[in-house]
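J.: Curious how this folds, go ahead:
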Amino acid sequence: MVKQGILVLLVYFVSLSSTAANLEISDAWVRYLPSVIPVRSGYMVIRNKSPQAVSIIKFESEVFTQIDIHETVEKDGMITMR
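T.: The predicted structure is shown next:
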């Protein structure tokens, strides 16, 4: 249920943008945790199918009070998050 709710919110907010047709969201998931643990992590792959750069400046949710966006990058065999 949480996973579906987050996916719906993410797709909804991305679809509000005029560049939404050029963004592809895939492999989205949220790890299930007991309700006594207040922090959740969600993951997805966002691909820009446009030749122009796209900036995602924020996500909003009625379910979560804070959403942080990080990028995972692999360079020289090392995976880092920035």
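
J.: Report the secondary structure element holding the spatially most central residue of the chain.
T.: Centroid-nearest residue in the chain, with C-alpha atoms, centre = their mean: residue 44, separated by 5.1 Å. Using DSSP states H and E, residue 44 sits in strand 42-48.

J.: Heading C-terminal from that strand, find the next helix or strand.
T.: Going down the chain from strand 42-48, the next helix or strand is strand 72-75, by DSSP H and E.

J.: Pull the residues that contact that following strand.
T.: 79, 80, 81, 82 (C-beta atoms under 8 Å, 6 or more residues apart in numbering). Every C-beta, even on glycine, is put in place using the N, C-alpha and C of the backbone.

J.: Just the pLDDT for the third one.
T.: Each residue has a pLDDT score; the one for residue 81 is 83.

J.: what sits against it?
T.: Per C-beta under 8 Å, 6+ apart, neighbours of residue 81: 70, 71, 72, 73.

J.: Please look at the residue nearest to the centre of the chain and residue 26 and confirm they touch.
T.: Yes: counting by C-beta atoms under 8 Å, residue 26 is a contact partner of residue 44 at 7.1 Å.

J.: which residues of this protein score low on pLDDT?
T.: Along the chain, segments meeting pLDDT under 70 span 1-20.
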